[in-house]
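Undergrad: no sequence on this one, just coordinates:
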């Protein structure tokens with residue numbers, strides 16, 4: 001038996017394909033994308049993303065375009081995608097790549113609890129936290 005949790009992201013219509021390709025360029029892995037057109041969904045933009053899944057050796061996350069007309073429903077609970085671990089170079093590289101075109105709230109710096117920590121919002125509006133532990 002196994003169990004896992006994967007975030008499912010919902011972007012404004014027309015943004016998911018570009019966003020997920022951006023994340024794949026940073027994290028690597030395999031990106032599978034299905035469009036509304038592939039499934040013959042009438043009334044939906046044929047090139048809109050019905051489902052996308054990025055699978056890496058470490059994690060998986062999925063996304064889709066918001067349904068047309070749901071744009072005014074954005075808001076609600078803030079969610080941060082959080083990385084933690086001791087692969088300092090990899091995590092620092094991911095932080096820097098995600099920050100391009102976005103904004104850094106807290107730069108990566110040593111914190112009172114002993115780890116290096118940082119927060120950013122990427123160019124697609126997703127918020128990320130990083131907690132880097134010294135492997136020693």
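TA: Nice, I can see it. Predicted, not measured: the structure shown is a model, and the values here were computed from it.
Undergrad: check which residues of stretch 4-22 are buried.
TA: Neighbour counts over stretch 4-22 (16 or more other CB atoms under 10 Å) mark 9, 11, 13, 15, 16, 17, 19, 20, 22 as buried. Quick note: C-beta positions are derived from backbone N, CA and C, even for glycine.
Undergrad: pLDDT wise, what is the nearest residue to the third one once chain neighbours are set aside at?
TA: Meaning residue 13. Of all residues not flanking residue 13 in the chain, residue 65 sits nearest, at 4.7 Å (CB to CB, 6 or more residues apart in numbering). pLDDT, residue 65: 90.
Undergrad: thinking residue 65 is in contact with residue 11, fair?
TA: Yes - the pair formed by residue 65 and residue 11 meets the contact definition of CB atoms under 8 Å, at 6.1 Å.
Undergrad: for stretch 49-56, which outside residues touch it?
TA: With contact meaning CB atoms under 8 Å, 6 or more residues apart in numbering, stretch 49-56 is reached by 16-17, 20, 23-24, 27-36, 38-39, 41, 44, 60-65.
Undergrad: measure stretch 20-39 end to end?
TA: 20 Å (CA to CA, to the nearest Å).
Undergrad: tell me the buried residues in that stretch?
TA: 20, 22, 23, 24, 26, 27, 29, 31, 33, 35, 36.
Undergrad: any idea of the mean pLDDT for that stretch?
TA: 96.
Undergrad: next: stretch 118-126.
TA: 96.
Undergrad: tell me which residues in it are buried?
TA: Within stretch 118-126, the residues that count as buried by 16+ other CB under 10 Å are 118, 119, 120, 121, 122, 124, 126.
Undergrad: out of these, what pair is the most spread apart?
TA: The span of the buried residues of stretch 118-126, defined through CB to CB, is set by 118 and 124 at 17.8 Å.
Undergrad: and the buried residues of stretch 20-39, which two are the farthest apart?
TA: Farthest pair in these (CB to CB) is 26 and 36. Separation: 26.1 Å.
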